[in-house]
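S.K.: Only the shape, not the letters, is given here:
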């Protein structure tokens, strides 16, 4: 098959990780695969270039950009694309305009998050119009699929659910030696227990609530620290929250990291305070690292974290509930170990990259 993936860019993130892994695997299996970035190529584009997967950047500017549509159309035409797979809303309706008359055989769109869907917005109107010529709309969780259908953004008869999956190989189970090493590198005592998070520092992660919850835990325990790995537009807001809560000596922003499989085993537990999620790659990576998880009940989180089995699930925007769950996990090491093992076992059966890849190939071939 000749497959074109269309994305906004290939900067670091869960959506981008899925697209890169799909494109590399599809190319390795003998398919003619390319990734078209509506905006800039992004920080991770070189990973595809190293695997001989072409990356085309359209350089879209603000507003309607006919030149970007022209570049996108030329990339689709030159490849003679058979399967057009767009990711999220804006790339989809741009791709649909660019593909008109090119004879694309199969059009698939994946919405990778829950988002703040406003059916009356111009963007969602454009997306709904483009769905008329779309064969399949993929949601990454049952919760996301239900929301897309209920808000009539996507017709149910076009909707499929394909949960995200990850490569398990790079990830190893949590390790006390790794935790001690990270603690020392941060100037902390070796036995410090680490509450960790990995992800973009954006509004959806609601890390102000995370900081407020951690401050409650810190007030009762001297041997805990909060480590946030990632970068984004909310960094200043989070720094202000850390200062306001008086936990600057125990809360650390590590910035963008390219070594997440090596970092995760150093965490005692993984925490997520999001107010919106699709099907979190970060939670899957935490499962792969056998970490007990505390996460908010939003989007697909509860489809990954079974409450009381591989972690605890709490309401969003509730620092007290989040703090209580963190303390519950931290207070029982044996239970935390069992939760971590349960999460990894679940991942191996349900959320590996190989499972996701097979499901997408079924969607491309109209078998699902």
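M.R.: Yep, it's here. The structure presented is a predicted model; accordingly, all values stated were derived computationally and were not measured. Residues are numbered from 1 along each chain as shown.
S.K.: Could you name the helices and strands sitting against the helix or strand bottoming out on mean pLDDT in the chain?
M.R.: Every helix and strand of the chain was ranked by mean pLDDT, DSSP states H and E. The lowest is helix 122-131, at a mean of 86. Counting by 3 or more Cβ pairs under 8 Å, 6 or more residues apart in numbering; DSSP states H and E, the packing neighbours recorded for helix 122-131 are helix 89-99. For the C-beta atoms, the positions are set from N, CA and C on the backbone; glycine is no exception.
S.K.: Can you tell me the strand partners of the helix or strand following the helix it packs on and which way each runs?
M.R.: Where DSSP states H and E defines the elements, the next helix or strand beyond helix 89-99 is strand 106-111. Strand partners for strand 106-111, identified by DSSP bridges, are recorded as strand 83-87 (parallel), strand 136-139 (parallel).
S.K.: Give me the contacts around strand 106-111.
M.R.: Strand 106-111 is touched from outside by 82-89, 92, 96, 99, 131, 133-140, 144, 148, 154, 162, 278, 360, 363-364, 366, with contacts defined as Cβ atoms under 8 Å, 6 or more residues apart in numbering.
S.K.: if we can go back for a sec, name the residues of the least confident helix or strand of the chain that are buried.
M.R.: Buried residues in helix 122-131, counting neighbours by 16 or more other Cβ atoms under 10 Å, are found at 124, 126-128, 130-131.
S.K.: which sections of the stretch 251-368 of the chain are below the confidence cut-off?
M.R.: 368 (pLDDT under 70).
S.K.: Which elements pack onto the longest helix along the chain?
M.R.: Longest helix in the chain by number of residues, with DSSP state H as the criterion: helix 333-350. Applying 3+ Cβ pairs under 8 Å, 6+ apart, one finds that helix 333-350 contacts helix 281-288, helix 319-330.
S.K.: who touches residue 4 in this structure?
M.R.: Shown in contact with residue 4 (Cβ under 8 Å, 6+ apart): 33-36, 75-76, 79, 81, 83-85.
S.K.: Which of these fall in strands?
M.R.: Secondary structure from DSSP state E places 33-36, 83-85 of these in strands.
S.K.: how about TSV for these, with distance to residue 104 and pLDDT added?
M.R.: Listed next are the ones in strands among the contacts of residue 4 as TSV, based on distance: Cβ to Cβ, whole Å; pLDDT from 0 to 100:
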residue	distance to residue 104	pLDDT
33	15	97
34	13	98
35	16	98
36	13	98
83	8	98
84	5	98
85	10	98
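S.K.: okay if I get these as CSV plus distance to residue 181?
M.R.: Putting these into CSV (distance: Cβ to Cβ, whole Å) gives the following:
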residue, distance to residue 181
33, 39
34, 41
35, 36
36, 41
83, 45
84, 46
85, 41
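S.K.: buried set for stretch 305-323?
M.R.: 305-306, 310-314, 316, 318-319, 321-323.
S.K.: again, but for stretch 234-253
M.R.: Buried-residue list, stretch 234-253, by 16+ other Cβ under 10 Å: 234-235, 237-238, 241-242, 245, 247, 250-253.
S.K.: Format these as a markdown table; extra columns: secondary structure.
M.R.: Output for the buried residues of stretch 234-253, formatted as a markdown table (DSSP: H, G, I helix; E, B strand; the rest coil):
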| residue | secondary structure |
| --- | --- |
| 234 | coil |
| 235 | helix |
| 237 | helix |
| 238 | helix |
| 241 | helix |
| 242 | helix |
| 245 | helix |
| 247 | coil |
| 250 | coil |
| 251 | strand |
| 252 | strand |
| 253 | strand |
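S.K.: ok now the least confident helix or strand of the chain, how far from the chain's centre?
M.R.: 23 Å (Cα atoms, centre = their mean, to the nearest Å).
S.K.: Next: stretch 259-269.
M.R.: On Cα atoms, centre = their mean, the centre of stretch 259-269 falls 17 Å from that of its chain.
S.K.: Just list what the helix or strand harbouring residue 15 packs against, helices and strands only.
M.R.: Using DSSP H and E, the element containing residue 15 is helix 14-28. Under the contact criterion of 3+ Cβ pairs under 8 Å, 6+ apart, helix 14-28 touches strand 2-7, strand 32-37, helix 45-50, strand 83-87, helix 281-288, helix 353-364.
S.K.: try it again with 10 Å
M.R.: On a contact count with 3 or more Cβ pairs under 10 Å, 6 or more residues apart in numbering; DSSP states H and E, helix 14-28 meets strand 2-7, strand 32-37, helix 45-50, strand 83-87, strand 106-111, helix 281-288, helix 353-364.
S.K.: got TSV for the ones you listed, with distance to residue 68 too?
M.R.: As requested, the helices and strands packed on helix 14-28 are exported to TSV (distance: least, Cβ to Cβ, whole Å):
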stretch	distance to residue 68
strand 2-7	11
strand 32-37	10
helix 45-50	17
strand 83-87	14
strand 106-111	18
helix 281-288	27
helix 353-364	25
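S.K.: who wins for proximity to residue 344 among these?
M.R.: Closest approach to residue 344 among the helices and strands packed on helix 14-28 is made by helix 281-288 (5.8 Å; Cβ to Cβ).
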